[in-house]
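Novice: Mind folding the following:
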Amino acid sequence: MIDARDTALVIEGGGMRNSYTAGAIARFIEKDVQFGWVGGVSAGSSHLCSLLSRDADRAKKAFTSFAGHPEFGGWQSLLRGTGYFNAEFIYENSDEALPFDFATFQSNPAELHIDGCRADTGETVSWTRKDIEKKQDILVRVRASSTMPLIMPMRVIDGAPFVDGALGESGGLLIGAAERAGFSKFAVLTSRTRDYWKSEVKRPETIRRLFRKYPAVAQAQIDRPARYNASKQRIIDLEESGKAKVFFPETMPVDVGERNVSKLLVAYNLGLDQIDREWESWMQFLQLS
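Specialist: Purely as a prediction, here's the structure:
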């Protein structure tokens, strides 16, 4: 085991862009890296499940071959009302196609953190180990955190509708939550290149019209660039001070909605190649006391 229990791992979402970071997740599993805390929102929370259940094969399949499953989604699925990404199948009813070892997940000693954003109030809701007693508890929360507005139906938990956790206070990068958990050493997997910064929303009135029924979601989307950029800047500051090691993709060949398995495999292999080239520096950082 590589003992990194003094390190918090922050995993950015980004839909199918996470095919690239899946290679890093797979390597962390195969090298038996044990983090002390793992936080992810949206697709990052799916990575969290694979990492904590120690399933490198699942980490790869979830963002590559699984996209080719006939029930995964697409425009016909969107028209039927099940979402461009068929969230109910992907997150809650796919155990045969994408098995999840909940027993191993639960036995992993790492703390976990997932954020969701309430669609009715805009409030950020955080879920940790105390909220997870059975398999369904984690599945519904990963789904809620991954719900992209308009293209995926909202998941209701305890009477509250949820959208993508990246619309919460972190902007999608849970560095603040990791610091509040008491950590001072951070590993970060991003799904954007180093030079990426979110631009200000140019037509907020259009966003507000699209989300007339959920004004809090509109405001969260308008606020997200500033939140994301602030979290990213904090990560860069920590990196510059030697307290963070950051995986920034060297390129990003797919977008958030990519479903072409061949393209996703290309992205996965690029990410795997990058983490392998960087592995020595990762080990030096993780093994620093």
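
Novice: Which secondary structure elements does the stretch of helix or strand D276 belongs to sit against?
Specialist: For D276, the host element (DSSP states H and E) is helix 261-286. Packing partners of helix 261-286 (3 or more Cβ pairs under 8 Å, 6 or more residues apart in numbering; DSSP states H and E): strand 2-11, helix 18-30, strand 186-189, strand 244-247. Backbone N, C-alpha and C define where each C-beta goes, glycine included.

Novice: Parallel or antiparallel, list what pairs with the third one.
Specialist: According to DSSP bridges, the neighbouring strands of strand 186-189, each with its direction, are strand 2-11 (parallel), strand 244-247 (parallel).

Novice: List of residues touching it?
Specialist: 4, 7-12, 21, 24-25, 35, 44, 47, 173, 175, 178, 235, 238-239, 243-247, 282, 285-286 (Cβ atoms under 8 Å, 6 or more residues apart in numbering).

Novice: on that earlier part again, quick one: mean pLDDT for the helix holding D276?
Specialist: Summarised as a single mean, pLDDT over helix 261-286 is 98.

Novice: Leaving out chain neighbours, which residue sits closest to I2?
Specialist: V33 (4.5 Å; Cβ to Cβ, 6 or more residues apart in numbering).

Novice: show me what contacts N269?
Specialist: N269 sits next to G23 when contact means Cβ under 8 Å, 6+ apart.

Novice: quick one: it from A226, how far?
Specialist: 35 Å (Cβ to Cβ, to the nearest Å).

Novice: repeat for I132
Specialist: 31 Å.

Novice: same check, this time on A160
Specialist: Counting by Cβ to Cβ - A160 and A226 are separated by 25 Å.

Novice: mind checking pLDDT for the residue nearest to K134 when sequence neighbours are not counted?
Specialist: Once flanking residues are discounted, K134 sits nearest to F102: 7.9 Å by Cβ to Cβ, 6+ apart. Looking at F102, its pLDDT reads 98.

Novice: tell me the contacts of F102?
Specialist: 53, 134-135, 138.

Novice: Of the residues you listed - the most surrounded one?
Specialist: Ranked by the number of neighbours (other Cβ atoms under 10 Å), those place I138 first, at 26 neighbours.

Novice: That residue against R129, yeah?
Specialist: No: at 9.9 Å, I138 does not count as touching R129 under the criterion of Cβ atoms under 8 Å.

Novice: which ones are touching M154?
Specialist: Counting by Cβ under 8 Å, 6+ apart, M154 has contacts 119, 144, 147, 161-163.

Novice: can you list these in TSV and add secondary structure, neighbour count and distance to K185?
Specialist: Shown next, in TSV, are those (DSSP: H, G, I helix; E, B strand; the rest coil; neighbours: other Cβ atoms under 10 Å; distance: Cβ to Cβ, whole Å):
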residue	secondary structure	neighbour count	distance to K185
A119	coil	26	35
A144	helix	30	29
T147	coil	26	31
P161	strand	19	36
F162	strand	25	31
V163	strand	29	31
